[in-house]
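K.L.:
sequence? don't have it. structure:
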């Protein structure tokens, strides 16, 4: 465990920032990891390759986020156990998680390899890029075992309060992916296939090296050989915490896939433009995402230790800091979106389309800065069902219908379609604030779960 970060005692803001900084760097590298494929393919391949990588990576990101979200159940449970000093139960949690996610990885591998054409068809992949999209999904799908292991490592260690080991795993993967992309895409001109191969290879190297490093670390829980099995109570608890988060993130991701499918029907340029914009968004949302993950881990340990007062203060500190950065990201994305999009594509039409879409996302920066922190807080204390409900309402009550309505207007623009996202975030923020107000009015502790 990172000995410099103490969650249950000492100065709250200092502890939160010390933990959040490696999380931020890890998220930055992870965003770089996903962006490098598109950047190199955009410079050395065709618009069809860019569209294929955009659509294929969106599919893979949806499934990877699903795994990572489900693993949040492990992060929360492990954090609560470490906070309450239950070392033996921590070992059982890790052992159960390893086996459970191994099974999930095998199932996902089979589904992706077999149903890659159907998934690409659902996404309305443009005809000129369809076969390339299928190939990308199949190659990445074949590496789901290491992709799942890669994400599980990060979730386990964040639950322990160690944000440096996940940073190491992401850094290794990022370096290997850049090298692989340059070799296969720029050097051998393999385009979409080269990007997919580089992605899987990078995560294989990352998992192997990370395992060797982890074996030498002193862990704050006891794990024996018989812990490596499915423990009934632990499995039930992990699923109870992780399933609502995973379902929410899956449905939210599906809502974005629906939007991408709507945009794909507008042609290759619009498809590539949104793909580029999504890569830029991965960077401008980094601070908010970092505080969401950090607050979840921070709150989970303090909840386990019975220090809900520290958990509330962490939420307030995180929200204020994140909002200040969100305002800066708004100005950057709204007024300089074309410059950021130009990093990932040399096609002026694609850049213009991406910049138009980014203006809407710029508005979203200010809403997500606050409601992401509330989401992290509610996850940390185990209110994952509420997080699921507010996410689903935002996605299918606002984001999808508004996107569709905007798309069927005469001469639809990506800016108007993109406005569905900040509208959804605004509603989710109101729901999060309303939940806190309700609990206070009823004189209930936020420890009450739905």
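P.N.:
Sure, I can see it. Just so we're clear, the structure is a prediction, and the values are computed from it rather than from any experiment. Residues are numbered from 1 along each chain as shown.
K.L.:
So which other helices or strands are in contact with the host helix or strand of residue 431?
P.N.:
Using DSSP states H and E, residue 431 maps to helix 420-441. For helix 420-441, the helices and strands in contact under the criterion 3 or more Cβ pairs under 8 Å, 6 or more residues apart in numbering; DSSP states H and E are helix 348-380, helix 384-394, helix 400-407. Quick note: C-beta positions are derived from backbone N, CA and C, even for glycine.
K.L.:
deepest of the ones you listed, which one?
P.N.:
Of all the helices and strands packed on helix 420-441, helix 348-380 has the most neighbours on average by mean count of other Cβ atoms under 10 Å, namely a mean of 24.
K.L.:
Please convert the helices and strands packed on helix 420-441 to JSON lines, extending it with mean pLDDT and distance to residue 429.
P.N.:
Listed next are those as JSON lines, based on pLDDT from 0 to 100; distance: least, Cβ to Cβ, whole Å:
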{"stretch": "helix 348-380", "mean pLDDT": "93", "distance to residue 429": "4"}
{"stretch": "helix 384-394", "mean pLDDT": "92", "distance to residue 429": "9"}
{"stretch": "helix 400-407", "mean pLDDT": "92", "distance to residue 429": "16"}
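K.L.:
could I get the ones you listed as TSV with distance to residue 254?
P.N.:
Formatted as TSV, those follow (distance: least, Cβ to Cβ, whole Å):
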stretch	distance to residue 254
helix 348-380	18
helix 384-394	10
helix 400-407	9
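K.L.:
Ok, which of those comes nearest residue 232?
P.N.:
Residue 232 sits nearest to helix 384-394 of all the helices and strands packed on helix 420-441, at 19.9 Å, using Cβ to Cβ.
K.L.:
What angle do helix 400-407 and that closest one make with each other?
P.N.:
20 degrees (axes from the mean of the first three to the mean of the last three Cα atoms, to 10 degrees).
K.L.:
who touches helix 384-394?
P.N.:
Residues outside helix 384-394 that contact it (Cβ atoms under 8 Å, 6 or more residues apart in numbering): 72-73, 76, 240-245, 247-249, 251-252, 375, 378-379, 424-425, 427-428, 431-432, 435, 449-450.
K.L.:
can you list the weak-confidence ranges in the stretch 151-300 of the chain?
P.N.:
Along the stretch 151-300 of the chain, no part satisfies pLDDT under 70.
K.L.:
can you give me the helices for it?
P.N.:
With helices called from DSSP state H, counting those that start in this stretch, the stretch 151-300 of the chain shows them at 164-181, 191-214, 232-264, 268-284, 286-304.
K.L.:
Tell me where the model's unsure across the stretch 1-150 of the chain.
P.N.:
Scanning the stretch 1-150 of the chain for pLDDT under 70 picks out the ranges 1-6, 33-34.
K.L.:
Could I get the full set of helices for it?
P.N.:
12-44, 47-70, 72-83, 87-122, 130-141, 144-159.
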